[in-house]
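Chemist: below: sequence and its predicted model.
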Amino acid sequence: MKKHNFSAGPCILPQSVMQKASEAVINFNNLDLSLIEISHRSKDFVDVMENARSLALEHLGLQNKGYQALFLQGGASTQFLMAAYNLLENKAAYLNTGTWSSKAIKEAKLFGEIIEVASSKNANFNYIPKEYVIPSDADYFHCTSNNTIFGTQMKEFPEVNMPLVCDMSSDIFSRVLDFSKFDLIYAGAQKNMGPAGTTLVVVKEDILGKISRTIPSMLDYTVHIGKDSMFNTPPVFAVYVSMLTLEWLKEKGGVAAAEKLNNEKASLLYTEIDRNSLFEGFVANKEDRSNMNATFNLTSESHKDAFDSLWKNAGINGLEGHRSVGGYRASMYNALPIESVQVLVDVMKELERKG
Ligand code: PMP
């Protein structure tokens, strides 16, 4: 029996994907060779890359709309600077909703003026700011759709007259959005897509090539597009497992089906957090709550030892909150079955009975 895995990332992946991935490590496509010991230029691997790129666009509804999907390295953290390197000529506007937005802002400041249009830092990022003005002469607007650490999620995105850039690391492929509103989307694989080691970048080609600085090849989106996401040796295993997960998502009914299940899981847990007087949610406004990462606390620390031993004995993994928030965080990515959420809810009810 595997654990009920609420880890924030790297995190749970579909078990069928894990099985196929482990088989491919031994013998890929009946080649009598491992996936990780063949050339990335071989047809077998080029097909993997092309399939992964096309599935990513398909799931986002962005095929044949002028977008390119790339599987790059360096994590979402490299995208903090790569986005600015490629798009920032004079100034850019950023919404600061947490640790990852703050890091994106820090990197972008190396390239130009950054206008922080709003920040929820003064409330330890426990809400999403809504009232803000984006300067119309900014080169782009950057936001973070889901704040993995604090458990907030943007439900609405502003209408802008400039490229819309979004870090979707922790909620990509989890809900239906009009993705064509976005011009640059990036996401580390290690939540809803695959193992750590690759980052999905989806970029609308017509926003590129408009800045005056020279961009080093590895940091230039245009270079990666020109080489079909194979400018250098790609992280073959991470791309392959991402492809398998995207195929799994398609079999399950795609992003719409994932959203339905994610809503059910989140509603099951948040209903218990609100009902059970031993618990309180961390996020100030209910409409800002993340469907991916639910953050909550005990109303009295005196129950901590009892709660911790209950959930650990129930086979739950990864419920500790991030050190900057404390308390608990239940990450409910696409591959987490609703049965695992039910086990957590049952543990919360048991604590109440024993309380
Ligand atoms: N953005 C968000 C929203 C994240 O959750 C994370 C990682 N948890 C990052 C960026 C950084 O990603 P990486 O570790 O892949 O650089």
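Modeler: Thanks, I have the structure now.

Chemist: tell me the confidence at residue 355?
Modeler: At residue 355 the predicted local confidence, pLDDT, stands at 76.

Chemist: do the same with residue 334
Modeler: At residue 334, pLDDT is 98.

Chemist: let me see the contact set for it.
Modeler: 173-174, 192, 249, 258, 261-262 (Cβ atoms under 8 Å, 6 or more residues apart in numbering). Bear in mind the C-beta positions are built from the backbone N, C-alpha and C, glycine included.

Chemist: at 10 Å instead, please
Modeler: Counting by Cβ atoms under 10 Å, 6 or more residues apart in numbering, residue 334 touches 11-14, 171-174, 191-193, 245, 248-249, 252, 255, 257-259, 261-262, 265, 292.

Chemist: check residue 21 too.
Modeler: 13, 35, 194-195, 237, 240-241, 243-245.

Chemist: can you list the residues you listed in a markdown table and add pLDDT?
Modeler: Converted to a markdown table, the contacts of residue 21 look like this (pLDDT from 0 to 100):
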| residue | pLDDT |
| --- | --- |
| 13 | 97 |
| 35 | 98 |
| 194 | 97 |
| 195 | 97 |
| 237 | 98 |
| 240 | 98 |
| 241 | 98 |
| 243 | 98 |
| 244 | 98 |
| 245 | 98 |
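
Chemist: so who does residue 156 touch?
Modeler: 128, 130, 287.

Chemist: so which strand or helix has the closest residue in space to the last one that isn't next to it in sequence?
Modeler: Of all residues beyond its chain neighbours, the one nearest residue 287 is residue 155 (6.2 Å), with distances taken as Cβ to Cβ, 6 or more residues apart in numbering. Secondary structure from DSSP states H and E places residue 155 outside every helix and strand.

Chemist: surely residue 155 touches residue 288?
Modeler: Yes. Counting by Cβ atoms under 10 Å, residue 288 is a contact partner of residue 155 at 7.4 Å.

Chemist: those two - which one has more neighbours?
Modeler: Per other Cβ atoms under 10 Å, whichever of residue 155 and residue 288 has more neighbours is residue 288, with 21 against 15.

Chemist: in the stretch 201-350 of the chain, what residue comes closest to the ligand?
Modeler: Scanning the stretch 201-350 of the chain for the residue nearest the ligand gives residue 293, at 8.7 Å (criterion: Cβ to the nearest ligand atom).

Chemist: who does that residue bridge with?
Modeler: Per DSSP bridges, residues listed as beta-bridge partners of residue 293: residue 331.
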